[in-house]
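>>> Would you be able to build a 3D model of this:
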Amino acid sequence: MANRFLVAGGDGNWNNNNNWSATTGGGSGASFPVSTDAVFFDSLSGNAPMTVNVASACASLAVSGTYAGTLTFNNTLTSGGAITFVAAMTIAGTAGALAPNGNLTSAGKTLTCALTLASGVSTLIDDWTVNGLVTLCTGSGSLTLNGSGKTLNCNAGLTHGGTTGALAGTALIKLTGTGTFSSPSTATISSSITIAAGAGTVTLSGTIFYGAGTLTYTSGTLAGASTPSLVLKSTTVTISGFSGTTAATGQMQWDVSVTTTSTTITLGSALQIAGAFSTNQTTAFSGAFATTLTGDLTMTGIAPSIALSGAITVGGALLLQGTTSSSFTGSSTLTAATCTISGTETVTPGSGQTITITGTLTSADANVINANGGGSTFNIGGLTTTGALTGTQVLTFNGTGTWTGAAGACSNSLTINTAGTLTISGTVLFAASGTPTLTYTAGTVSMGTSILSIGSSCTLDTNGITWANVTVSAAATVTLSSLLSVSSTLTLPNAAVTFAGAGDFTVATLTSATISAARVYTMDSANTYTITSMFSVAGIASGHVTFAGSAVSGTRANIVLTGGASQSLLYVDGTDIDSSAGQTIYAIGGTITRTINWSTSIPAIGSLRAVGFAG
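Predicted coordinates for the structure are as follows:
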């Protein structure tokens, strides 16, 4: 290793021996510096200019004393060690680059060319400002850029280069002008980064893998090239300042995802992401600030979880995908335009938490939404079940939307409580398992000729709306907590059904599926069941249908067939039924036990006309 001192007398080019001396202030003619030589510009250099005219190298570069000459970069200067400038000197040239490794002292000078820090450990002794592109990490080398309280200002963009080299350190990296922020590397950036571009534009490019550190926006226009992606890969990251209301300023112009490890995102302000967010891990939002996404929020993987400390608003879809569970914690709110659950997913809201889907909740296959016992609220605008949906969480229709679901039953309890309109389309399957409750509180319900199909025991508390058609498709206990109104047909199954609870029903037509064996339909003896248009049920000779009052001694259920209604009952038995408030019911081929105003005799012709008998 040799020392080389800049002296006057040469042409000012790095590779001219006439510019170099082996001693300070000595005679020129020493060989020009190479990678093993320490280079000095000092008070005895006579302010001689120096131009890096070809790709050059040194072991270090130290400018000192009263040197006030000009260092011009027309090519790359690589230094294996420290770089020290002084305030009196001038730095010029934009075609080259400085590529040092060690302590870096700018003395307030602006580097007019590019800066490349390849690998190893470099320390900012003071703040640095670079007018050319800053490249941190090359090849497979990792870089630690230290300098607590010191800033690397990138006026023309930042590239985290190389292939697998990670970037870390205590120095702050600040994007301060128009340029591109890109990361071809798959390795992680763990340095704190601030976007403070002022009137400039920072274009985000590719995928940026970000680890522990603070990511801050203060000014500048953000632009995304081909949907850039920010991947959070550490246990902690702080995000601040991305809370603007326009695409030009304040928003993250990228998609954000959490992978590899559980992550706590500490918010220093409200967060607005002009893209999508996805996680396959436990992700905690710390800090009571709101988060707004213009795209989708996707939870996928083994058991992703999101902890909320501030409200999250999702402009796109909430996509819950996987084969195990997605959960939410915290008592804040999450609002999304739509929600699709797929992959036999179990979803659990947080204690005291409100999740609102303003559009449609879709269960794409066999999925579960469970309450955790903490009084969570799950609001939906509409519901589509192309696969079964079960669970203990009550789902509340509280917007304007459509309920469809002929391919999969909803076995969660449902509440209709909306200032909007719920449209029921086609056949909707309710209650395939468990004992859910369907409740009407408020709102307009539009259904045309749609069918509510009940597949297992449940409770109906829907006084205030009139169903078009209701079908009980399997053996069940249907508990009526209030009046059930059906404008067209209530169809009973080829199976036993019990109507329980304090509610009556009023239906236009009461009928049954085709009967293949003896069936019993039990009616609560304290209630009245009114048929206004048609009573049509047919058993078979070897398997009668029985309408029976509940087993309370000395009491009867009231089945009222109103005047003018038609009837067609064959092999139908009546037990503990009182029909005295309406017309006589003729059960041809049936048996009557403790039943009032029923007859097993074929009525006279006049009676047929009177009652409109149709069978």
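>>> Assign a three-state SS to residue 218, would you?
Here residue 218 is recorded as strand under DSSP: H, G, I helix; E, B strand; the rest coil.
>>> Now it: closest residue in space, sequence neighbours ignored.
Spatial nearest neighbour of residue 218, excluding adjacent residues (Cβ to Cβ, 6 or more residues apart in numbering): residue 196 at 4.4 Å. C-beta: built from backbone N, CA, C; applies to glycine.
>>> distance of that neighbour from residue 316?
29 Å (Cβ to Cβ, to the nearest Å).
>>> before we move on, what about residue 255?
From residue 255 across to residue 316, the span is 11 Å (Cβ to Cβ).
>>> And the residue nearest to residue 461 when sequence neighbours are not counted, how close does it get to residue 19?
Distances taken as Cβ to Cβ, 6+ apart place residue 481 nearest to residue 461, at 3.8 Å, with adjacent residues excluded. To residue 19, residue 481 is 98 Å away according to Cβ to Cβ.
>>> who does the residue nearest to residue 218 bridge with?
Applying DSSP bridges to residue 196 gives these bridge partners: residue 219.
>>> Identify all contacting residues around stretch 370-383.
Outside stretch 370-383, the residues within contact range by Cβ atoms under 8 Å, 6 or more residues apart in numbering are 339, 346-362, 369, 389, 391-405, 410, 414, 420, 422-423.
>>> before we move on, the earlier item: need phi/psi at the residue nearest to residue 461.
Backbone torsions for residue 481, taken as degrees, to the nearest 10, come to phi -90, psi -10.
>>> and what of residue 15?
When read as degrees, to the nearest 10, the backbone of residue 15 gives phi -90, psi 20.
>>> Please apply the same query to residue 44.
phi -90, psi 10.
>>> per-domain residue ranges of this structure.
The chain is divided into the following domains under automatic domain parsing: 1-112, 323-437, 447-615.
>>> Let me see the mean pLDDT of the first one.
This means domain 1-112. For domain 1-112, mean pLDDT rounds to 97.
>>> before we move on, what about the longest one?
Domain 447-615 comes out with an average pLDDT of 93.
>>> swap in stretch 150-168?
92.
>>> Now it - C-alpha only, CSV.
This file holds the C-alpha atoms of stretch 150-168, laid out as CSV (Å, rounded to 0.1, in the frame of the first residue of the first chain):
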residue,chain,number,x,y,z
LYS,A,150,-27.4,11.5,9.9
THR,A,151,-29.2,11.5,6.5
LEU,A,152,-28.4,10.3,3.0
ASN,A,153,-30.4,12.7,0.7
CYS,A,154,-31.1,11.1,-2.7
ASN,A,155,-32.0,13.8,-5.2
ALA,A,156,-32.3,11.5,-8.2
GLY,A,157,-33.7,8.2,-6.9
LEU,A,158,-32.7,5.2,-4.9
THR,A,159,-32.0,1.6,-6.0
HIS,A,160,-31.6,-1.3,-3.6
GLY,A,161,-29.6,-3.4,-6.1
GLY,A,162,-27.9,-6.7,-6.2
THR,A,163,-29.5,-10.1,-5.8
THR,A,164,-29.7,-11.1,-2.2
GLY,A,165,-28.0,-8.3,-0.3
ALA,A,166,-29.9,-6.8,2.7
LEU,A,167,-29.7,-3.2,3.6
ALA,A,168,-29.7,-2.1,7.3
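>>> what comes up buried for it?
Residues of stretch 150-168 classed as buried: 150-162, 165-168 (neighbour count, 16 or more other Cβ atoms under 10 Å).
>>> Residue 476 contacts residue 458, correct?
Yes: assessed by Cβ atoms under 8 Å, residue 476 is found in contact with residue 458 at 7.0 Å.
>>> so what sits against both of the two?
Residues touching both residue 476 and residue 458 (Cβ under 8 Å, 6+ apart): residue 431.
>>> where along this protein do the helices fall?
605-611 (DSSP state H).
>>> Chain neighbours aside, what residue packs nearest to residue 208?
The shortest distance from residue 208 to any non-neighbouring residue, by Cβ to Cβ, 6+ apart, is to residue 183 (4.4 Å).
>>> neighbours around that neighbour, how many?
Neighbour count of residue 183, defined by other Cβ atoms under 10 Å: 27.
>>> Show me where the stretch 501-615 of the chain has its strands.
Taking DSSP state E, counting those that start in this stretch as the criterion, the stretch 501-615 of the chain carries its strands at 505-512, 519-523, 528-538, 545-549, 557-561, 566-570, 572-575, 577-578, 585-588, 592-593, 598-599.
>>> so which of the ones you listed gets nearest residue 236?
Proximity to residue 236 (Cβ to Cβ) singles out strand 505-512 among those, at 59.0 Å.
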